[in-house]
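Okay, predicted coordinates and the sequence, questions at the end:
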Amino acid sequence: MPADRGERTLKTLDVGCGVNKYPGAVGIDRNPASRADVLCDLDRFPYPFADGAFDCIRAVHVIEHVSDVIRTLEEFHRLLRPGGRIHLVTPHYTDFSSFCDPTHRWHLNSFSFRCFGQDHGGFGYYSRRRLREISVRVRLLAFWRLLGLEFLVNRLPRFRRFWEHYLCFVVRGKVMEFEFETLE
């Protein structure tokens, strides 16, 4: 992990690390066959760490498996220092893989986490925790990527909204990557 102004190494929590734990991170998972440093049920709160213990949280293909998405992100918020970052990866709900895994509880889109932001679309009352969206990257199926539609979806926020509302069932998404910063 890169150094913070050269002074220290960022402390990272890899949630649901599985067997591919992020190098240098503290890994948590519920599966004893994983490479987790700490075994815990990701649906039981609080996780066994102090408030503000981490600079960064990685949750790669995890959020779609938890029982409560909002409570899980609130827990991530608790675990991060002020200004900490969340790196989240999940399938887009129009991707075939979103429905192939019977352990997926949630099928999300690129606006699913807006209740945590300034532009909460009227859903800000779901949580008092606030996150600033740093980036959203949607990957489309290869054919659409080759035609340049992925570029438009990722470069033009209005086009991404248009795509989500009108085109995503034809021009299907594959996976989404989010980067958030904690506020408050």
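Great, that's in hand. Numbering: from 1, shown residues only.

how about the strands in the protein?
For the chain, the strands defined by DSSP state E occupy 3-4, 8-9, 12-15, 26-29, 38-39, 54-60, 80-91, 130-140, 173-183.

which stretch in these has the least confidence?
Lowest mean pLDDT within these: strand 3-4, at a mean of 48.

ok so, going back, please identify the deepest-packed of the strands of the chain.
strand 12-15 (a mean of 25; mean count of other CB atoms under 10 Å). (Each C-beta comes from the backbone N, C-alpha and C, glycine too.)

elements contacting it?
strand 26-29, strand 54-60 (3 or more CB pairs under 8 Å, 6 or more residues apart in numbering; DSSP states H and E).

again, only using 10 Å
strand 26-29, strand 54-60, helix 69-79, strand 80-91 (3 or more CB pairs under 10 Å, 6 or more residues apart in numbering; DSSP states H and E).

contacting residues for the residue nearest to the spatial centre of the chain?
Centroid-nearest residue in the chain: residue 88, 2.0 Å away (criterion: CA atoms, centre = their mean). By CB atoms under 10 Å, 6 or more residues apart in numbering, residue 88 lies in contact with 15, 57-63, 72-73, 76, 108, 113, 136, 176-180.

Show me what the closest residue in space to it that isn't next to it in sequence bridges to in the sheet.
Excluding its sequence neighbours, the residue lying closest to residue 88 (CB to CB, 6 or more residues apart in numbering) is residue 178, at 4.4 Å. Beta-bridge partners recorded for residue 178 (DSSP bridges): residue 88, residue 136.

Is residue 178 in contact with residue 109, as I believe?
No: Residue 178 is beyond contact range of residue 109, at 11.4 Å (criterion: CB atoms under 10 Å).

quick one: common contacting residues for these two?
Common neighbours of residue 178 and residue 109 (CB under 10 Å, 6+ apart) are 90, 138.

Let me see the contact set for residue 39.
Per CB under 10 Å, 6+ apart, neighbours of residue 39: 27, 28, 29, 30, 31, 32, 48.

List the contacts of stretch 44-52.
13, 15, 26, 28, 30, 38-41, 53, 67-68, 71-72, 74-82, 84, 182.

For that stretch, list every residue counted as buried.
Neighbour counts using 16 or more other CB atoms under 10 Å place 47, 49 of stretch 44-52 among the buried residues.

Ends of that stretch, what's the gap?
Using CA to CA, to the nearest Å, one end of stretch 44-52 lies 18 Å from the other.
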